[in-house]
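**Student:** Provide a 3D model corresponding to the input given below.
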Amino acid sequence: MNTINTSESSPPSERRLTSILSRFWAWEGSGVLVALVLLIAGLAFATDNFLSAYNVSVVMRQAAFVGLVALGQTLVLLVGGIDLSVGAAAGLSSIIGAIALTQWGIHPYLIIPFTMAFGFFLGAINGVFVAGLRLNPFIVTLATWEIFAGFTLVITKGYPIRPLGEQFQIFGKGEIFGVPFPVVIFLVTAVALIWMLSQTRFGRNIFAVGGNRDAAILAGIRARWIEFVAFGLAGMLSALAGILFASRMDAGQPSVGEGWLMGAITAAILGGTSLRGGQGSIVGTVLGALLLAVLANGTVLLNVSGFWQRVIVGAVVLVAILVDLLRRRG
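**Tutor:** Down below sits the predicted model:
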């Protein structure tokens, strides 16, 4: 008895469409992209000024700060770790950068690389304990979170460091062809990380270590070095976000980064990065950061109580996890 192969009997255009949809559904960031498009469409319909140039600029700028932290968090998650200190590292780094600018006489144009180097140092501290001494990353970074936050208060006594000067404000308030400077830095950083993860041996080794650390070591990969650098880069990108925010506010605020940890982890998870390591994408994290920024902006435009925002974000995370689970089983 002959059977009919429906896939072969269907038109070529239908088969191509099915193939495209299958590949899209298999991509880690498919769920967050669909959610982002639907959310933008809904807010554009429900509000009058959501798509205005000013509001789009606000959303993009908001996504840039948390997004930079989320990019670093993604690297740590990819190697199978987690960094709870990123928000505190951003705050301490921005304070050190502000002091270097106002008291140590470092040129404004050198403050950003100086602060990024200090942030890498903070991340490297986590790397030494996690990669070098093989301690639990959750416990280590929970401890360094308190240490970094404590040092911030010790140094500042809880007071902001201001002003930082007009010449330095260009990094937080300036624009390039109408695009806010922090957004440009965020997108350039994302592109650089996409290239690194896909085109370099170091990037491929990150996935290998996160996917199966023991197998990676047997293959000759220096797993401890990969983990160490991942934590260092997470600290560096957190510091970059912190000093850009300080430039935006024209002050080194002790409270900088306090709410960034949850946003960074959420953006990475929404983008399809696995908490078990070895799977995720930078594009997905960028979309996750945009989704959170649009969500926060939408609650303001719709006059939703700020208290509900955390409830909504938590619900979105649960939905994203469920969608990811269904996608993996499918």
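**Student:** count the neighbours of L110 for me.
**Tutor:** 11 (other CB atoms under 10 Å). (Glycine included, C-beta is placed from N, CA and C.)
**Student:** against G172, how distant is it?
**Tutor:** According to CB to CB, to the nearest Å, L110 and G172 sit 16 Å apart.
**Student:** assumed L275 was part of a strand.
**Tutor:** No: with DSSP: H, G, I helix; E, B strand; the rest coil as the criterion, L275 is located in coil rather than a strand.
**Student:** which residues touch it?
**Tutor:** L275 makes contact with 77, 82, 269, according to CB atoms under 8 Å, 6 or more residues apart in numbering.
**Student:** nearest residue to the middle of this protein?
**Tutor:** A70 (1.3 Å; CA atoms, centre = their mean).
**Student:** now the contacts of L275: which count as buried?
**Tutor:** 77, 82, 269 (16 or more other CB atoms under 10 Å).
**Student:** secondary structure and pLDDT added to these, as TSV?
**Tutor:** Converted to TSV, the buried ones among the contacts of L275 look like this (DSSP: H, G, I helix; E, B strand; the rest coil; pLDDT from 0 to 100):
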residue	secondary structure	pLDDT
L77	helix	96
I82	coil	96
I269	helix	88
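**Student:** just put those residues in a markdown table and tack on distance to G123.
**Tutor:** Listed next are these as a markdown table, based on distance: CB to CB, whole Å:
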| residue | distance to G123 |
| --- | --- |
| L77 | 14 |
| I82 | 13 |
| I269 | 20 |
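**Student:** just these now: which is nearest R15?
**Tutor:** Nearest to R15, judged by CB to CB, of the buried ones among the contacts of L275 is I269 at 33.4 Å.
**Student:** burial measure for I217, as a count.
**Tutor:** Count around I217 with other CB under 10 Å applied: 14.
**Student:** grab the nearest non-local neighbour of it.
**Tutor:** A223 (5.2 Å; CB to CB, 6 or more residues apart in numbering).
**Student:** surely that neighbour meets N212?
**Tutor:** No: here A223 lies out of contact with N212, judged by CB atoms under 8 Å, at a distance of 10.1 Å.
**Student:** the two: which has the busier surroundings?
**Tutor:** A223 (20 against 15).
**Student:** spit out the contact partners of the more buried one.
**Tutor:** 131, 209, 213, 216-217.
**Student:** how about TSV for those residues, with distance to A251 added?
**Tutor:** Shown next, in TSV, are the contacts of A223 (distance: CB to CB, whole Å):
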residue	distance to A251
A131	35
V209	39
R213	42
A216	44
I217	46
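**Student:** so which of those wins on neighbours?
**Tutor:** Busiest of the contacts of A223 [other CB under 10 Å] is V209, holding 28 neighbours.
**Student:** buried ones in whichever strand or helix holds it?
**Tutor:** Following DSSP states H and E, one finds V209 within helix 201-211. For helix 201-211, burial by neighbour count (16+ other CB under 10 Å) applies to 203, 205-211.
**Student:** mean confidence score for it?
**Tutor:** When pLDDT is averaged over helix 201-211, the result is 96.
**Student:** report all helices and strands that the next helix-or-strand element following it contacts.
**Tutor:** The C-terminal neighbour of helix 201-211 among helices and strands, as given by DSSP H and E, is helix 213-218. Packing partners of helix 213-218 (3 or more CB pairs under 8 Å, 6 or more residues apart in numbering; DSSP states H and E): helix 201-211, helix 223-249.
**Student:** now with 6 Å?
**Tutor:** Here helix 213-218 touches helix 223-249, going by 3 or more CB pairs under 6 Å, 6 or more residues apart in numbering; DSSP states H and E.
**Student:** buried residues, the helix it packs on. List them.
**Tutor:** Result for helix 223-249 [16+ other CB under 10 Å]: buried residues 223-224, 226-249.
**Student:** ok, now stretch 139-158?
**Tutor:** Here stretch 139-158 shows 140-141, 144-145, 148-149, 151-152, 155-156 as buried, counting by 16+ other CB under 10 Å.
**Student:** tell me how many other residues crowd G314.
**Tutor:** By other CB under 10 Å, neighbour count at G314 equals 12.
**Student:** which helix or strand contains it?
**Tutor:** Going by DSSP H and E, G314 is in helix 306-329.
**Student:** pLDDT (mean, whole number) over that helix?
**Tutor:** 72.
**Student:** try stretch 226-234
**Tutor:** Mean predicted lDDT for stretch 226-234 stands at 98.
**Student:** distance between that stretch and the chain's centre?
**Tutor:** The chain centroid and the centroid of stretch 226-234 are separated by 14 Å under CA atoms, centre = their mean, to the nearest Å.
**Student:** please apply the same query to stretch 51-62.
**Tutor:** 19 Å.
**Student:** name the surrounding residues that touch that stretch.
**Tutor:** Stretch 51-62 has contacts (CB atoms under 6 Å, 6 or more residues apart in numbering) with 44, 49, 180, 182-183, 293-294, 297.
**Student:** do the same with stretch 143-161
**Tutor:** With CB under 6 Å, 6+ apart, stretch 143-161 has contacts from 84-85, 88-89, 91-92, 95, 98, 126, 251-254.
**Student:** farthest-apart pair in those, please.
**Tutor:** The farthest-apart pair in the contacts of stretch 143-161, when distances are taken by CB to CB, is N126 and A251, at 27.0 Å.
**Student:** please consider this matter closed, and thank you.
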